[in-house]
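Peer 1: return atomic coordinates for the entry below.
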Amino acid sequence: MEVKENGTAPLPCLSKYVDPSSEESHRYYLARRNALVMLRDRGYDVSSEDISLSLDDFRNVYGERPDVDRLRISAKHISDPSKKVKIVFFSGMVKVNAIRSIAADVLSQETITGLIIILQSHVTNQALKAIELFPFKVEIFQITDLLVNITEHILKPEHRVLDDKQKKRLLKKFSIEEKQLPRVSKKDAIVRYYGLEKGQVVKVNYRGELTHVAYRCVW
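Peer 2: Residues are numbered from 1 along each chain as shown. Coordinates of the predicted model:
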């Protein structure tokens, strides 16, 4: 599309001024940083230096067109070091051979209890079936899911995940069973962000003219 200005000759589309390589590194920078913050919010030990890395420093380290294998992240849970998660990035369509390669690479080098895959494209049906064979939980995010941190949005209420003891106290306090709590889907963006499982409960603080608290059980 071209744009005319004051009846003069048409100006070239502004997208022509965008450096594709810079855009690519910027997307990976944002996705990786927000993935690190997501892990930290889940209770994993993540370096604050990695989170605060500037875009320029990111480009100095990983280049304008980052090698996705270098962007991988490994982290242990602070309260339970036996829990270890790995994040891997894919730049193109993910086929079954790519999943087999990741399985051979990751499982042969370290013991992990969770895997997060961040995609630029999509996963084939055969690859999805291969993912189901992993002996631990595998989560899939599109890179666009992580370009912003949804928990920091001004319109998003504050969510806090209850541990098992807090959940039991809540049910006892109101003399109810788990199934009587309002439900939230496992596909909900906040549920996916925190990696929650069925039965976990989140406390939601709504702030505005009328401040109130609600509880939701993942279902």
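
Peer 1: alpha carbons only for contacts and neighbour counts from here, please
Peer 2: Noted.

Peer 1: need the helix or strand of the chain with the lowest average pLDDT.
Peer 2: Sorted by mean pLDDT, DSSP states H and E, the helices and strands of the chain end with helix 96-109, the least confident at a mean of 85.

Peer 1: quick one: contacts of it?
Peer 2: Counting by C-alpha atoms under 8 Å, 6 or more residues apart in numbering, the neighbours of helix 96-109 from elsewhere in the structure are 124, 126-128, 130-131, 134.

Peer 1: show me how this protein divides into domains.
Peer 2: The chain resolves into domains spanning 16-148, 153-218 when parsed by automatic domain parsing.

Peer 1: include mean neighbour count when you put the ones you listed into CSV, please.
Peer 2: As requested, those are exported to CSV (neighbours: other C-alpha atoms under 10 Å):
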stretch, mean neighbour count
domain 16-148, 16
domain 153-218, 14
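
Peer 1: on the three-state scheme, residue 204 is what?
Peer 2: Secondary structure assignment for residue 204 (DSSP: H, G, I helix; E, B strand; the rest coil): strand.

Peer 1: separation between it and residue 149?
Peer 2: In this view, residue 204 and residue 149 are 17 Å apart by C-alpha to C-alpha, to the nearest Å.

Peer 1: check residue 103 too.
Peer 2: Following C-alpha to C-alpha, the distance that separates residue 103 from residue 149 is 28 Å.

Peer 1: same question, residue 109
Peer 2: Going from residue 109 to residue 149 by C-alpha to C-alpha gives 31 Å.

Peer 1: residue 53 too?
Peer 2: Here the distance between residue 53 and residue 149 works out to 16 Å (C-alpha to C-alpha).

Peer 1: same thing with residue 167?
Peer 2: 26 Å.

Peer 1: helix, strand, or coil at the closest residue to residue 25 other than its chain neighbours?
Peer 2: When the adjacent residues along the chain are set aside, residue 25 lies closest to residue 64, with 5.2 Å between them (C-alpha to C-alpha, 6 or more residues apart in numbering). Residue 64 carries the three-state label coil when classified by three-state DSSP.

Peer 1: okay, residue 64: pLDDT?
Peer 2: Residue 64 carries a pLDDT score of 91 in this model.
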